[in-house]
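J.: okay, here's the prediction I keep looking at, along with the sequence it came from:
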Amino acid sequence: MSDETNGPSFDFLHREYSRRDVLKGATVAGAALGVGPLLAACGGAGTSASPSASVAASPKMGGVLRAGITGGSSSDTYDALNAVTQTDWARIMQVYQPLFEFDQNANSIPCLAEEMTPNADATVWTIRLRAGVTWHDGKPLTPEDVMYTFRRILDPKNPLPGALIIAPVDKANMKKIDAQTLQVGCTSPFSNFPEAVTTIGYVLIVPDGYDPKAPPNGTGPFMADTFTPGQQTTLKRFPNYWQSEQPYLDKVVITNYPDETAQTNALASGQVDVVNTLSTDILSALTSQGKKTLISPGGGWTPFTMRVDIPPFDDVRVRQAMRLIVDRQQMLELVFAGNGSIGNDVFSIWDPDYNTQLPQRTQDIEQAKSLLKAAGQEGLTVELRTADVAQGVVKASQVFAQQAKAAGVTVNLVKTPVGDYYGTSYLKYPFAMDYWWYTFYLPQAAETIIPGAVYNETHWNDPRTNSLYEQALATVDAAKRTEIVHELQKIDYDEGGYIIPYFPPVIDGYAPNVNGLVLSKVGSPLNQYAFKNLWLS
């Protein structure tokens, strides 16, 4: 590798892949992507660099953490229940919290709630809140706050992104039992209620009477200070946070950067302390600058999205052909040097109900050609919309375009600025890419493939899916619910509008004096932006 490509200012991300690169595949992936000594020592998929050795030391109080985050725009928001961009999540998750949250192994654990207990048929749930939690304005967390949150999400005049996730909740049938307890009735059995409220970001608890235009007021470890959409957010330590001694930091400064090149230059030059969603391209350059990286086996996903309601993707044969075009292992090698996990066009890889018995789909160019011919789409030309929405997305689109040539498919790439990508045309693209963090299968289905889903980017509307989804929510018996979920996933696998070639690793970069970062399977950067756990030495 020349000195020119070894420095952090080289724009690795927008390098175009030649057909020669793709045809070489895994054999030269390390050389093609500039994999440094760190990755060579890491091994195969799902491995990771070691977290900071000082994690085991006693945390030190004080200091300012400067985070360089990509994916923001001038439309960034502080609305706790309506976030869209990476910088939205990074900001809001410091201030607001859910009833249940993910641990680093993608298990659901209590947060603001201590427990959620159903009746025999899961039509009534009793929620006991954690004692001693206060809002930033000093008021205690109450059952009224939770009930207001559910009502606001489910407002029929303005349903929010979490509405389908908690759709069975009967907003007219909730009541306070005591200062820490409420009872929530449901219009139908809601067997996975705790999993649903674990979903990152969409069911954060807000105070009774919450106004998103008012100064933010949460229960989280940091309080809002200043906010300039698309540019910078500052937050200060909440001294009365309910988790003893946390947070360790006095202040967090979140700065938006337009792309990976800009943010990694900022890390290399000491302008920021942590950066999110890196590609493997930049690792060697960062480590040569004395910076550290953490590679987690994330469960997030960066799908290719095909709109099933318009040509050519309204023909299932075309969708099947596009899936068969992908050489998944080769793509994973070229984009992430083999780190991450191979996908099989079904989301929610860590869900206990994820169906590992579905045959692993592999590249089959001849079958893809045959399907396209049968659909009258020989020589198909499509436009693929892509953007720097997450690590590896642009590179994956480039690799797909090259792989598609073998099947006679021409893929014209249209790269869009992130701020425009999530604008008024979002969810309208016939063929595009996107980025999701991990969540359980049924809540994810509610966000993406159920009619009325806020982010139904494939425009999926299938009567069998709709019926099975309702059956799954109503099935209390876990084994029987698993069978239903497997039926849903079989439909996704056979006919759906997603191509999920892999589950990307989560690659974070950080300065040597940053402590507290650990491996996480959830797929969100920087341990779900849990800045409360970080400290500076």
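T.: Sure, I can see it.
J.: surely residue 164 meets residue 448?
T.: No: the criterion here is CB atoms under 8 Å, and residue 164 misses it with residue 448 at 9.6 Å. Just so you know, the C-beta spots here come from the backbone N, C-alpha and C atoms, and that holds for glycine as well.
J.: the stretch 51-200 of the chain: helices as residue ranges?
T.: In the stretch 51-200 of the chain, the segments counted as helices under DSSP state H, counting those that start in this stretch are 86-95, 143-153, 193-198.
J.: quick one: closest of these to residue 122.
T.: Proximity to residue 122 (CB to CB) singles out helix 193-198 among the helices of the stretch 51-200 of the chain, at 7.2 Å.
J.: can you show me the CA trace of that closest one as PDB?
T.: C-alpha atoms of helix 193-198 as PDB (Å, rounded to 0.1, in the frame of the first residue of the first chain):
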ATOM      1  CA  PHE A 193     -45.100  -6.700  25.000                       C
ATOM      2  CA  PRO A 194     -41.700  -6.500  26.800                       C
ATOM      3  CA  GLU A 195     -39.900  -7.200  23.500                       C
ATOM      4  CA  ALA A 196     -41.900  -4.600  21.800                       C
ATOM      5  CA  VAL A 197     -41.000  -1.800  24.200                       C
ATOM      6  CA  THR A 198     -37.300  -2.900  24.000                       C
END
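J.: for the helix or strand following it, packing partners?
T.: Per DSSP states H and E, the first helix or strand lying C-terminal to helix 193-198 is strand 222-228. Where contact means 3 or more CB pairs under 8 Å, 6 or more residues apart in numbering; DSSP states H and E, strand 222-228 is packed against helix 86-95, strand 232-237.
J.: nearest to residue 321, out of the ones you listed?
T.: Residue 321 lies closest to helix 86-95 among those, at 32.4 Å (CB to CB).
J.: list the buried residues in the helix or strand hosting residue 320.
T.: Take DSSP H and E as the rule and residue 320 turns out to sit in helix 316-325. For helix 316-325, a neighbour-count test (16 or more other CB atoms under 10 Å) marks 317-325 as buried.
J.: again, but for stretch 227-235
T.: If you call a residue buried by 16+ other CB under 10 Å, then stretch 227-235 has these buried ones: 227, 229, 233-235.
J.: of all the residues you listed, which two lie farthest apart?
T.: 229 and 235 (15.0 Å).
J.: sec struct for residue 352, please.
T.: Going by DSSP: H, G, I helix; E, B strand; the rest coil, the secondary structure assigned to residue 352 is coil.
J.: and which of the buried residues of helix 316-325 is nearest to residue 208?
T.: Closest approach to residue 208 among the buried residues of helix 316-325 (CB to CB): residue 319, at 45.8 Å.
J.: pretty sure the closest one contacts residue 493?
T.: No: look at residue 319 against residue 493 with CB under 8 Å: they stay out of range, at 11.2 Å.
J.: now distance to residue 265 too, for the buried residues of stretch 227-235, in TSV please.
T.: TSV is the format used below for the buried residues of stretch 227-235 (distance: CB to CB, whole Å):
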residue	distance to residue 265
227	24
229	23
233	20
234	21
235	24
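J.: residue contacts, residue 459?
T.: 307-310, 497 (CB atoms under 8 Å, 6 or more residues apart in numbering).
J.: looking at the helices of the stretch 51-200 of the chain, which is nearest to residue 510?
T.: Nearest of the helices of the stretch 51-200 of the chain (CB to CB): helix 86-95, 14.3 Å.
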